[in-house]
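Novice: Just need the structure, nothing else, for what follows:
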Amino acid sequence: MSVLSLKPRPEDVDALMREIGRQARAAARRMALVPGPAKDEALREAARSLRDAGAAILKANAADMAEARAKGLPAATLDRLALNPARIEAIAQGLESVAGLPDPVGRTLATFERPNGLTIERVATPLGVVGVIFESRPNVTADAGALCLKAGNAAILRAGSESHRSATAIATAMGEGLTRSGLPADAIQLVPTRDRAAVGAMLTGLDGAIDVIVPRGGKGLVARVQDEARVPVFAHLEGICHVFVHAAADLAMARTIVRNSKLRRTGICGAAETLLVDRACAGTHLSPLVTDLLEAGCAVRGDEGVQAVDPRVTPATEEDWRTEYLDAIISVRVVDGLEAAIDHIESYGSHHTDSILTEDQAAAERFLAEVDSAIVVHNASTQFADGAEFGFGAEIGIATGRMHARGPVGVEQLTTFKYRVRGTGQIRP
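Specialist: Residues are numbered from 1 along each chain as shown. Take a look at the predicted model:
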């Protein structure tokens, strides 16, 4: 019987997680003082270690994929889970990209002097210990670990059962790189059990060891984390992303962007799930856009106007406008102009990523100002909702809340700040 098939007793999981928390807190104290060049060299060493371990990582991933297929997991999940040499190389390059970013720790965010002579600085500092709970994407192990380390934090990573072997192989390789560089291996810890009790333990904060939780996964996971966590959460529930084709949209550009937004990768949170077409251009734009999607193998669910365009379009229900398909399915609606599009996005969207396609600059500016999403886009694909595409090296997630972090969570969002006050003997009257 393998170790992974043994189910620990609840008290054993609790003790394990508390020890992981203690180790992470100790590592975070050390990491807060590590100079930027040392962190960068450790990340480059982790990238080298990752490449060297490529065969072992692929073997672990093959076992995860076989189990996932045997369970009948959907194609979108399999795509998120799958690794190949190109994806491993991309993960390694992501570590090197993070290493090449400016050190976010120690930045002076503001400096001012009070009338009494006190000099006050607001300076960026690490958050501390970041807990990351994720499901099927094994690359999150490297992305989250690297970003946390670059920002001077320690990370506790809990992979989903479907990616556990792959994530463990990646974390092992990264740990070897950190150790060779003289940094604490406990700065990036992967929870070694599949037992779901480990998630519950993390949500308690592990006796104050965890400072923030980041969930990466489906709606059920994120909702549970937001409901039960006793520490702050960076999260989004869903990526219900829209593309609005405005009356002044260039048709050739719209056809290219709509296809890319929906179909480049259907299983990512930045994939478009709803297409809105302005009634003023529906006569010229709607049919080509719908036909392109259908011919590319995408199922289209539409309102009556969209159904009239092609018999292959099936009726959209009220629930479709609220659905994150993560698959080759899109809902399409004809709307009465810009205001109606904004109203639809406000009613049904998830405040993730929404795009307007138009040559009317005033319409674009109104959309960018009024759509209350973490990322709003003009004349570009929604699939740019990605930390690497923002120049962040990688991301730990896309946050759709309004506190502290919003949009791609990169190294700067994984810091907080403190005030340094310098005096010359002042006392308060």
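Novice: Next one: K418, what pLDDT does it get?
Specialist: Here, the pLDDT recorded for K418 equals 97.
Novice: Shouldn't it be within a strand?
Specialist: Yes: read with DSSP: H, G, I helix; E, B strand; the rest coil, K418 is one of the residues of a strand.
Novice: Contact partners for it?
Specialist: R122, V123, T125 (C-beta atoms under 8 Å, 6 or more residues apart in numbering). Just so you know, the C-beta spots here come from the backbone N, C-alpha and C atoms, and that holds for glycine as well.
Novice: and the residue lying closest to the last one once chain neighbours are set aside, bridged to which residues?
Specialist: Yep, that's T125 we're talking about. Of all residues not flanking T125 in the chain, K418 sits nearest, at 5.2 Å (C-beta to C-beta, 6 or more residues apart in numbering). Judged by DSSP bridges, the bridge partners of K418 are V123.
Novice: Closest to L50 out of the contacts of K418?
Specialist: Proximity of the contacts of K418 to L50 was ranked by C-beta to C-beta; the top entry is T125 with 28.5 Å.
Novice: Tell me the spacing between F112 and E121.
Specialist: Distance check for F112 against E121: by C-beta to C-beta, to the nearest Å, it reads 8 Å.
Novice: The two - which one has more neighbours?
Specialist: E121 (15 against 9; other C-beta atoms under 10 Å).
Novice: My read is that the more buried one contacts F417, right?
Specialist: No: if you go by C-beta atoms under 8 Å, E121 and F417 don't touch, sitting 9.5 Å apart.
Novice: Need the contact partners of stretch 69-79.
Specialist: Contacts of stretch 69-79 (C-beta under 8 Å, 6+ apart): M65, A68, L81, S136, E162, R265, T266, G267, L326, D327.
Novice: all helices in the stretch 251-400 of the chain, in order from the N-terminus.
Specialist: Per DSSP state H, counting those that start in this stretch, the stretch 251-400 of the chain carries helices over the ranges 251-263, 282-295, 304-307, 337-348, 361-370.
Novice: Export the last one to PDB, keeping only CA atoms.
Specialist: This means helix 361-370. Once non-C-alpha atoms are left out, helix 361-370 reads as follows in PDB (Å, rounded to 0.1, in the frame of the first residue of the first chain):
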ATOM      1  CA  GLN A 361     -12.600  56.200 -28.200                       C
ATOM      2  CA  ALA A 362     -15.300  57.800 -26.100                       C
ATOM      3  CA  ALA A 363     -17.300  54.600 -25.900                       C
ATOM      4  CA  ALA A 364     -14.100  52.800 -24.900                       C
ATOM      5  CA  GLU A 365     -13.300  55.200 -22.200                       C
ATOM      6  CA  ARG A 366     -16.800  55.000 -20.800                       C
ATOM      7  CA  PHE A 367     -16.600  51.200 -20.700                       C
ATOM      8  CA  LEU A 368     -13.200  51.300 -19.000                       C
ATOM      9  CA  ALA A 369     -14.500  53.800 -16.400                       C
ATOM     10  CA  GLU A 370     -17.900  52.200 -15.700                       C
END
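Novice: For the stretch 201-350 of the chain, just list every one of the strands.
Specialist: 212-216, 241-245, 272-278, 299-302, 314-315, 329-335 (DSSP state E, counting those that start in this stretch).
Novice: Adding mean pLDDT and mean neighbour count, write those strands out as a markdown table.
Specialist: Listed next are the strands of the stretch 201-350 of the chain as a markdown table, based on pLDDT from 0 to 100; neighbours: other C-beta atoms under 10 Å:
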| stretch | mean pLDDT | mean neighbour count |
| --- | --- | --- |
| strand 212-216 | 90 | 26 |
| strand 241-245 | 98 | 29 |
| strand 272-278 | 98 | 27 |
| strand 299-302 | 98 | 21 |
| strand 314-315 | 98 | 12 |
| strand 329-335 | 98 | 24 |
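Novice: Nearest to L178 among these would be which one?
Specialist: Once C-beta to C-beta is applied to the strands of the stretch 201-350 of the chain, the stretch that comes out nearest is strand 212-216, at 20.2 Å.
Novice: tell me the phi and psi of Q189?
Specialist: Reported as degrees, to the nearest 10, the phi and psi values for Q189 are phi -110, psi 130.
Novice: pLDDT at it, what is it?
Specialist: For Q189, the predicted pLDDT is 97.
Novice: what about the helices of the stretch 251-400 of the chain, which gets the closest to D103?
Specialist: The closest of the helices of the stretch 251-400 of the chain to D103 is helix 361-370. By C-beta to C-beta, the value is 31.2 Å.
Novice: Check which residues of that closest one are buried.
Specialist: Neighbour-count burial for helix 361-370 flags A363, A364, F367 (criterion: 16 or more other C-beta atoms under 10 Å).
Novice: ranges for the helices of the stretch 51-200 of the chain?
Specialist: With DSSP H, counting those that start in this stretch as the definition, the stretch 51-200 of the chain shows helices at residue ranges 54-70, 75-81, 85-99, 139-150, 164-180, 197-203.
Novice: Need the winner for burial among those helices.
Specialist: helix 139-150 (a mean of 28; mean count of other C-beta atoms under 10 Å).
Novice: Out of the strands of the stretch 201-350 of the chain, flag the one nearest G100.
Specialist: With distances scored as C-beta to C-beta, the stretch of these nearest to G100 is strand 212-216 (22.7 Å).
Novice: can you give me the angle that closest one makes with helix 139-150?
Specialist: If you take axes from the mean of the first three to the mean of the last three C-alpha atoms, to 10 degrees, strand 212-216 sits at 150 degrees to helix 139-150.
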